[in-house]
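> Sequence first, then the predicted structure:
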Amino acid sequence: MTATELPSGVGLALHGIQPRARVYSNPTASLLYTHALVRGEARLAEGGPLVVDTGRHTGRSPKDKFVVREPSSAVRIGWGDVNKQLTEHRFDRLREKVVAYLEQRDVYVVDAYAGADPAHRLGVRVVSASPWHALFAKTLFIDPTDEELLTHEPQALVLHAPEVEAEPDEDGTSSETFVVLHPSRCEVLIGGTYYAGEIKKSIFTLMNDRLPLDGVLPMHCSANVDDDGRVAIFFGLSGTGKTTLSADPERHLIGDDEHGWGRDGVFNIEGGCYAKVIRLSAEAEPQIFKTTQTYGTVLENVTVDDRGVLDLDDASKTENTRAAYKLEQIANALPAKRAGHPSAIVMLTADAFGILPPIARLTRDQAMFYFLSGYTAKVAGTEIGVVEPQATFSACFGAPFLPQPPSVYARLLGAKLDEHPHVGVWLVNTGWTGGPFGEGERMPIAATRALLRAALTGELDGVEYRTDPVFGFEVPVDVPEVDARLLDPRSTWADPAAYDAKARELAAMFRENFARFERADEHVAAAGPVA
């Protein structure tokens, strides 16, 4: 291990950090494995993945996220429940705590990039006292080449100290946990939580602030491309199938979660994937399943027995079990992580009410309406207190990660659609059919894949459509390899009148949610479901 130990303080003085212990600069995965295992902070499972436990935080802590209010960025931030204010004084106080902690411990420094397009990439540095979190950062961000590493300049800094807790009364936080972004300094402080997703999403939040300034649309989406260069992007919240459906063996994966759409096309912001793995199926999702048996993968909160054998079906710790793995672990991943402009946009929703059809074609204004709505539904058992389906609306399919108001991103999407009018936009329901959750059944994944294949290859361009009387979008009447009854959700319900009532109820939820976008274009507002 001594070969990778560098003199104390290398590079960290730039950030006001004077380490008194060892600094591991850009350590190998092997070294990080070794340190995590020796320290008892991880376990090795069959096949080689590193299995870790994130403790009481098994997901993001949105109520503990803050943005520093400072003169150069305050005017553009969408202040409110998503972007809560923290003063610069309190940021500096928290930073001093984190730095004091890091200076007393061995630290791991990971230098990488966010953004596969060189014109829009950001040099990222993550400093952590935790070896497995350093491995997570090394996995999720884009690796520099040896030559790039020599000239790498950190433009964004993440200071990560899970053991450091805030004092809410003095630090102005909501609890002991804090995730704080300083927009102009491009610095992030993370403390009080071991959930690694905070590292990746904090940099995504930063990119969501920076990219619009360059006219680039940042997107919470997955993306892939076929051999003919036809790019598809998949918007969707957690549990809608964004990762699963984009990992298509017949297409090349650009990325599974975060992208930008710039002047030259779509590019991945990350170098890795962060997939939910609860009840992962080797048959339905073979490529992602394989990553859970592979060296280099970090598995969060997955149950492993004394023999090192995983149980992906065990949700005793959380439904939000996760795997972090390099994009290259997917056999057909695109090495460049960037491609041309989209030919198709897919908006995924897991409709637990069983109302929406498995696929619908959207007009430009309807696309804007459903983009701003960002709809899906939570089902019973996924969160404490959820006992029946609950509608969830997350603007632009990523409200927790938008520093600026949703209208900024919506305008960028509208401009892209106007610039590229050939782009087909589809709303795809991966949720329930035949009734709501508890009565109906989950949409067959084979049918979803067949419909997507038909949409992305242009096969749906010439088929017959009907106009939904409530939602107004167009739904194909008949598609090869798909049960025609699925295309008409009303016909799958035992009681059509009950379907009609629930459809009106869901439409009202959409209208009520959209009312908060009071400055939205009137044509976009009118493109939603009827009242």
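Yes, it's here.

> Could you use CA atoms for every contact and neighbour count after this?
Will do.

> Where does pLDDT dip in the stretch 51-200 of the chain?
Along the stretch 51-200 of the chain, no part satisfies pLDDT under 70.

> Give the burial count for the closest residue to G431 other than its chain neighbours, as a bare number.
Once flanking residues are discounted, G431 sits nearest to A350: 3.8 Å by Cα to Cα, 6 or more residues apart in numbering. Residues near A350, counting by other Cα atoms under 10 Å, number 27.

> List the residues that contact A350.
Shown in contact with A350 (Cα atoms under 8 Å, 6 or more residues apart in numbering): G239, T240, T376, A377, N429, T430, G431, W432.

> I'd like these laid out as TSV, including distance to V482 and neighbour count.
As requested, the contacts of A350 are exported to TSV (distance: Cα to Cα, whole Å; neighbours: other Cα atoms under 10 Å):
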residue	distance to V482	neighbour count
G239	23	19
T240	20	22
T376	23	26
A377	24	21
N429	14	26
T430	14	27
G431	16	30
W432	16	25
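
> All the strands of the stretch 401-531 of the chain, residue numbers only.
Along the stretch 401-531 of the chain, counting by DSSP state E, counting those that start in this stretch, strands occupy 424-429, 432-433, 441-442, 465-467, 474-476.

> Highest mean neighbour count out of those strands?
Greatest average neighbour count among those goes to strand 432-433 (a mean of 28), per mean count of other Cα atoms under 10 Å.

> which residues touch it?
So strand 432-433 is in contact with 350-355, 440-443, 486, 489, 492-493, going by Cα under 8 Å, 6+ apart.

> cool, stretch 255-268 as well?
By Cα under 8 Å, 6+ apart, the list of residues contacting stretch 255-268 reads 115-117, 204, 211, 215-224, 242-243, 246-247, 254, 269-274, 327, 333, 337-342.

> which residues touch Y499?
Contacts of Y499 (Cα under 8 Å, 6+ apart): I355, G435, R490, W493.

> can you map out the helices along the chain?
Assigned helices in the chain, in chain order: 29-38, 88-103, 131-140, 146-150, 168-171, 197-210, 242-246, 286-291, 364-373, 406-419, 445-456, 489-492, 496-514, 522-525 (criterion: DSSP state H).

> so which of these comes closest to I77?
helix 197-210 (8.3 Å; Cα to Cα).

> buried residues in that closest one?
Neighbour-count burial for helix 197-210 flags 197-200, 202-210 (criterion: 16 or more other Cα atoms under 10 Å).

> elements contacting that helix?
helix 131-140, strand 178-182, strand 187-191 (3 or more Cα pairs under 8 Å, 6 or more residues apart in numbering; DSSP states H and E).

> Could you pull out the buried residues of the longest one?
Right, the one you point to is helix 131-140. Buried residues in helix 131-140 (16+ other Cα under 10 Å): P131, W132, H133, A134, L135, F136, A137, K138, T139, L140.

> and the angle for it with helix 29-38?
Orientation of helix 131-140 against helix 29-38 (axes from the mean of the first three to the mean of the last three Cα atoms, to 10 degrees) gives an angle of 150 degrees.

> L312 versus the residue nearest to D365 when sequence neighbours are not counted, what's the distance?
Closest residue to D365 apart from its sequence neighbours, by Cα to Cα, 6+ apart: V524 at 4.7 Å. V524 sits at a distance of 42 Å from L312 (criterion: Cα to Cα, to the nearest Å).

> Which of the helices of the chain has the highest mean neighbour count?
helix 131-140 (a mean of 26).

> Just give me how far that helix sits from the chain centre.
Relative to its chain's centre, helix 131-140 lies at 17 Å (Cα atoms, centre = their mean, to the nearest Å).

> ok, residues contacting it?
By Cα under 8 Å, 6+ apart, helix 131-140 touches 29, 32-33, 35-36, 41-42, 108-112, 126-128, 196, 199-200, 270-274, 298, 324-326.

> can you list contacts of stretch 473-484?
Residues outside stretch 473-484 that contact it (Cα under 8 Å, 6+ apart) are 357, 359-363, 366, 447, 450-451, 460, 463-468, 487-488.

> Check which residues of that stretch are buried.
Quick answer for stretch 473-484 (16+ other Cα under 10 Å): F473, E474, V475, P476, D478, V479, V482.

> and if you look at stretch 259-278?
Under 16+ other Cα under 10 Å, the buried positions of stretch 259-278 are 259-262, 266-278.

> So which of the contacts of stretch 255-268 sit within strands?
217-224, 254, 272-274, 338-339, 342 (DSSP state E).

> Between those, which sits nearest P162?
For the ones in strands among the contacts of stretch 255-268, the nearest to P162 is Y274 (19.5 Å; Cα to Cα).

> Roughly how far does the spatially most central residue of the chain sit from F397?
Centroid check for the chain by Cα atoms, centre = their mean gives D257 as the closest residue, at 4.4 Å. Separation of D257 from F397 (Cα to Cα) stands at 11 Å.

> now V477
Counting by Cα to Cα, the separation of V477 from F397 is 28 Å.

> what's the answer for G265, then?
20 Å.

> With V216 instead?
For V216 relative to F397 (Cα to Cα), the value is 17 Å.

> higher neighbour count, the two?
F397 (27 against 23).

> The more buried one contacts G236, doesn't it?
Yes - between F397 and G236 there is a contact at 5.8 Å, judged by Cα atoms under 8 Å.

> Which residues are in contact with each of these two?
H220, G374.

> shaky segments in the stretch 251-400 of the chain?
For the stretch 251-400 of the chain (pLDDT under 70), the answer is 379-388.

> So which residues of it form strands?
Taking DSSP E, counting those that start in this stretch, the strands of the stretch 251-400 of the chain run over residues 252-255, 258-262, 265-268, 272-276, 298-300, 303-304, 310-311, 322-326, 338-339, 342-349, 360-362, 375-378, 390-393.

> could I get those strands as CSV with distance to E163?
Shown next, in CSV, are those (distance: least, Cα to Cα, whole Å):
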stretch, distance to E163
strand 252-255, 31
strand 258-262, 28
strand 265-268, 31
strand 272-276, 23
strand 298-300, 18
strand 303-304, 23
strand 310-311, 27
strand 322-326, 21
strand 338-339, 37
strand 342-349, 36
strand 360-362, 47
strand 375-378, 31
strand 390-393, 32
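
> Indicate which one of the ones you listed is closest to G528.
Among those, strand 360-362 comes nearest to G528, with 10.4 Å by Cα to Cα.

> same for the closest one, what does it pack against?
The criterion is 3+ Cα pairs under 8 Å, 6+ apart, and the helices and strands that strand 360-362 contacts are strand 424-429, strand 474-476.
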